[in-house]
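Chemist: Structure for this input, please:
(one chain, ligands or ions: 1)
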Amino acid sequence: MTQNAIEIRDLKKTYRGSKGEPEKHALKGINLDIPAGSIFGLLGPNGAGKSTMINIMAGLVTKTSGTVRIWGFDQDENPRQSRAAIGVMPQELNLDPFFSPHGALEVQAGLYGVPKSQRRSDEILAMVGLSDKANAYARTLSGGMRRRLLLGKALVHSPRVLVLDEPTAGVDIELRQMLWTNIRKLNKEQGMTIILTTHYLEEAEEMCDEIAIINHGELVARDSTANLLGKMDAKCMVIDPVTPPAQLPAADGVEVTQRPDGTLALAYHASQTTAEDVLRAVRDAGIAIRDVKTEQADLEDVFLTLTRGH
Ligand SMILES: Nc1ncnc2c1ncn2[C@@H]1O[C@H](COP(=O)(O)OP(=O)(O)OP(=O)(O)O)[C@@H](O)[C@H]1O
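Modeler: Model (predicted):
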């Protein structure tokens with residue numbers, strides 16, 4: 001077994017500008033190793049370059065320069081083996097309306113040269129919960145069913161590495177749980193390396209062992225989820241006082257601002273200060289609390305924190 005499922009070296013992608021627009025440097029020299037057997041999160045704001053990177057791995061977009069090895073196979077030197085090692089569940093729900101789910105899996109298996117005797121279409125349909133729709137027209141499938149079928153299609157050639165581009169964007173809780181369960185199962189039982197892009201910090205926190213963050217085509221962070229979340233523990237408690245405060249609360253590690261609506265925003269780091277410490281500072285300042293809520297750092301804040309100084 002190779003140690004790294006993916007090895008990316010100095011990967012660059014420049015899109016030519018259309019109609020007099022300047023060219024776009026979507027990836028500016030990425031170096032990244034993704035350990036075999038991990039669940040790896042690729043995070044970044046819109047336009048950061050995530051899809052470009054994934055599509056290069058999948059062989060759907062041509063890189064400008066650099067090397068990509070998938071399961072030890074260099075994409076340029078061993079295109080067939082590197083392609084066989086990876087399966088991709090795309091973001092768009094593009095399915096051929098004329099194929100049933102069973103038909104779609106068979107066609108996909110054919111494309112990858114999987115012999116009939118080794119096809120697992122029924123097993124895959126059962127896994128993604130589509131057995132009862134095996135022979136229905138794709139156009140009669142709901143959005144959630146289509147997404148499950150796309151996951152199934154990515155699995156027909158039993159890839160070592162599974163890439164999921166925004167697997168749970170806009171899906172309901174039930175489907176999200178199902179996708180998460182399936183992904184964990186593939187990782188645990190088959191040792192499949194999973195790479196997923198997501199906008200949801202919660203998803204990354206719950207699913208991923210390690211995370212890379214890209215911004216403007218550059219890698220700005222790469223660490224274990226635990227370490228990154230440690231850096232992302234900025235919280236904010238918002239207090240609505242019964243009467244305007246005579247003095248502002250003061251405590252170590254707490255930054256207080258008065259908002260225009262009369263509420264007090266108390267920013268702190270959960271790893272250093274507890275909510276109880278913050279509340280005590282409020283009470284010590286003689287402030288009676290009408291209402292209280294907490295705001296968590298979202299990906300946007302995390303980015304600001306992580307990219308500050310870059
Ligand atoms: N075919 C293309 N031609 C020109 N520019 C492109 C093309 N595809 C992407 N880009 C540009 O490259 C940059 C990176 O885009 P990319 O889709 O990889 O980002 P992303 O991180 O996947 O964003 P999202 O989360 O919105 O999918 C963006 O500025 C985008 O406008």
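Chemist: Backbone dihedrals for the spatially closest residue to R259 that is not a sequence neighbour, please?
Modeler: The shortest distance from R259 to any non-neighbouring residue, by C-beta to C-beta, 6 or more residues apart in numbering, is to A265 (5.6 Å). Glycine gets a C-beta too; all of them are placed from N, C-alpha and C. Backbone torsions for A265, taken as degrees, to the nearest 10, come to phi -100, psi 120.
Chemist: A265 contacts V254, correct?
Modeler: No. In this structure, A265 is not within contact of V254 by C-beta atoms under 8 Å, at 10.3 Å.
Chemist: More neighbours: which of those two?
Modeler: V254 (18 against 14; other C-beta atoms under 10 Å).
Chemist: Now that one: phi and psi?
Modeler: Dihedral angles (degrees, to the nearest 10) for V254: phi -120, psi 130.
Chemist: and the longest helix for this structure?
Modeler: helix 173-190 (DSSP state H).
Chemist: For burial, what's the neighbour tally of S38?
Modeler: For S38, using other C-beta under 10 Å, the count is 17.
Chemist: For it, which residues are in contact?
Modeler: 5, 193-194, 209-210 (C-beta atoms under 8 Å, 6 or more residues apart in numbering).
Chemist: now with 10 Å?
Modeler: 4-5, 187, 193-195, 208-210, 224 (C-beta atoms under 10 Å, 6 or more residues apart in numbering).
Chemist: And the contacts of the longest helix of the chain?
Modeler: Outside helix 173-190, the residues that reach it (C-beta under 10 Å, 6+ apart) are 37-39, 89, 127-129, 142-145, 147-148, 151-152, 155, 158-160, 162, 164, 167-172, 192-194, 196, 200, 203, 206-207, 209.
Chemist: returning to what we had before: quick check: neighbours shared by A265 and V254?
Modeler: By C-beta under 10 Å, 6+ apart, the residues touching both A265 and V254 are M237.
Chemist: sorry, back to before: pLDDT on the longest helix of the chain, on average?
Modeler: Per-residue pLDDT over helix 173-190 has a mean of 91.
Chemist: Check which residues of stretch 186-193 are buried.
Modeler: 186-187, 192-193 (16 or more other C-beta atoms under 10 Å).
Chemist: should've said stretch 241-251
Modeler: Result for stretch 241-251 [16+ other C-beta under 10 Å]: buried residues 241, 245, 249, 251.
Chemist: Between the two ends of it, what distance do you get?
Modeler: End-to-end distance of stretch 241-251 (C-alpha to C-alpha, to the nearest Å): 18 Å.
Chemist: Give me the distance from that stretch to the chain's centre.
Modeler: Taking C-alpha atoms, centre = their mean, to the nearest Å, one finds the center of stretch 241-251 at 40 Å from the center of the full chain.
Chemist: mind checking the SS state of the residue of the chain most remote from its centre?
Modeler: Centroid-distance maximum for the chain: A246 at 45.6 Å, with C-alpha atoms, centre = their mean. Classification of A246 by DSSP: H, G, I helix; E, B strand; the rest coil places it in coil.
Chemist: residue contacts, it?
Modeler: Counting by C-beta under 10 Å, 6+ apart, the residues that A246 touches are 285-287.
Chemist: top of those residues by neighbour count?
Modeler: Of all the contacts of A246, the highest neighbour tally under other C-beta under 10 Å goes to I287, namely 20 neighbours.
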